[in-house]
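1. what's the 3D shape of this:
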Amino acid sequence: MADQIEHLHLPIRGLNLHIAQVGKGEISLYELGTVVFLHGFPEIWYSWRHQMLAVAAAGYRAVAPDWRGYGLSDQPPEPEAAAYDDLIEDLLAILDALAVPKAFLVGKDFGAMPAYDFALRHPNRTCGVMCLGIPLGTAGLSFDTLPEGFYILRWAQPGRAEADFGKYDVKRVVRTIYILFSRSEIPIAKENQEIMDLADLSTPLPEWFSEEDLNVYSSLYENSGFRYPLQMPYRSLHQRKPIGDAKFQVPVFIVMGEKDYVFKFPGIESAMKDGTMEKHAPNIKITYIPEGGHFVQEQFPDYVNELLLGFLKDHPVVI
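-> Numbering: from 1, shown residues only. Got it, this is the predicted structure:
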């Protein structure tokens, strides 16, 4: 795999952002269009390794950036000043730097949010949006009904997660988060616990996540640290504005694992099933993966690849 994926740094809005890509240089490889993959937390470009190779083999150019402050991308000079709109502006600048007129956007976890918002703000630069794990209209969701130990509430507190993570090496932190976020239950600590206490070293990794995978993730978080990733998303997404009456002019495809803990967030299941999303996205498709968890693109790569390639094929690019 490694010899097929090219790595480069692009000067984007004052930072050098890391880009992984497959398909550059041979026109025949990306005549069908470009697919940009947007990761969440605790992910990086590597989270999309299976999908990148699949879409490149099908004739698309695959591009997976590390968000600013993640992986091999530069750290912003003031991580605590993280702004949600930087994600959207960075994405636009990446397309410009790569001379990509229009792209399909594939987002996961918090990466789905700038994918949706970019498509609304820049429909002329967007071919379609496929998002995993996060439905439309999630801005402004209230977590008031969840306990104080809910991981998002905990990690939104400046310094709390830093102190918790700082007790362990990076590999242990990434391992624990992958274990916790792979479960179907929402990670919630008790009053006398921290989130890292919810899994110990005896807990095995998910069967689809190897020690080699863990080493890759850990090495990249050794590079970036957790300072910015804790700001974006956990302390910055409140800046995101609700979509209001906005309507998508491009096709939208939402894939949700039925065992994804996010399904149990207040308001998520109703948002998926009450018809609200159809009002915002007339051309919407929703697919559920019965055994799928939060990392469904790594858990069931072949199935997700099949869904993604079907979506791309159904919406040929018109430049």
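2. pLDDT below threshold where in the stretch 1-150 of the chain?
-> Applying pLDDT under 70 to the stretch 1-150 of the chain flags the ranges 1-2, 24-30, 138-140.
3. what ranges do the strands span in it?
-> Using DSSP state E, counting those that start in this stretch, the strands of the stretch 1-150 of the chain run over 6-12, 15-22, 34-38, 61-65, 103-108, 126-132.
4. Put together a markdown table for the ones you listed, with mean neighbour count on each row.
-> C-beta here means a position set from N, CA and C on the backbone, and glycine is covered the same way. Shown next, in a markdown table, are the strands of the stretch 1-150 of the chain (neighbours: other C-beta atoms under 10 Å):
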| stretch | mean neighbour count |
| --- | --- |
| strand 6-12 | 15 |
| strand 15-22 | 21 |
| strand 34-38 | 27 |
| strand 61-65 | 27 |
| strand 103-108 | 27 |
| strand 126-132 | 25 |
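5. and the ones you listed as CSV, adding distance to Phe209?
-> What follows is the strands of the stretch 1-150 of the chain, written out as CSV (distance: least, C-beta to C-beta, whole Å):
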stretch, distance to Phe209
strand 6-12, 22
strand 15-22, 19
strand 34-38, 18
strand 61-65, 18
strand 103-108, 15
strand 126-132, 16
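6. Determine which of those strands approaches Ser73 most closely.
-> Smallest distance to Ser73 across the strands of the stretch 1-150 of the chain (C-beta to C-beta): 4.4 Å, for strand 15-22.
7. among the strands of the stretch 1-150 of the chain, which is nearest Tyr234?
-> Nearest of the strands of the stretch 1-150 of the chain to Tyr234, taken as C-beta to C-beta: strand 103-108 at 16.2 Å.
8. Which elements pack onto that closest one?
-> strand 34-38, helix 112-121, strand 126-132, helix 301-314 (3 or more C-beta pairs under 8 Å, 6 or more residues apart in numbering; DSSP states H and E).
9. Redo those as a markdown table? Include distance to Arg49.
-> Shown next, in a markdown table, are the helices and strands packed on strand 103-108 (distance: least, C-beta to C-beta, whole Å):
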| stretch | distance to Arg49 |
| --- | --- |
| strand 34-38 | 10 |
| helix 112-121 | 19 |
| strand 126-132 | 15 |
| helix 301-314 | 8 |
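10. Nearest to Leu205, out of the ones you listed?
-> helix 301-314 (16.2 Å).
11. Now do that closest one: everything it contacts.
-> Residues outside helix 301-314 that contact it (C-beta atoms under 8 Å, 6 or more residues apart in numbering): 32-33, 35, 50-51, 54-55, 58, 60, 104, 106, 128, 130, 132, 251, 253, 255, 285, 287, 289, 296-297.
12. Buried among these? Need that as a selection in ChimeraX.
-> Per 16 or more other C-beta atoms under 10 Å, the buried members of these correspond to this ChimeraX selection:
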select :32,33,35,50,51,54,55,58,60,104,106,128,130,132,251,253,255,289,296,297
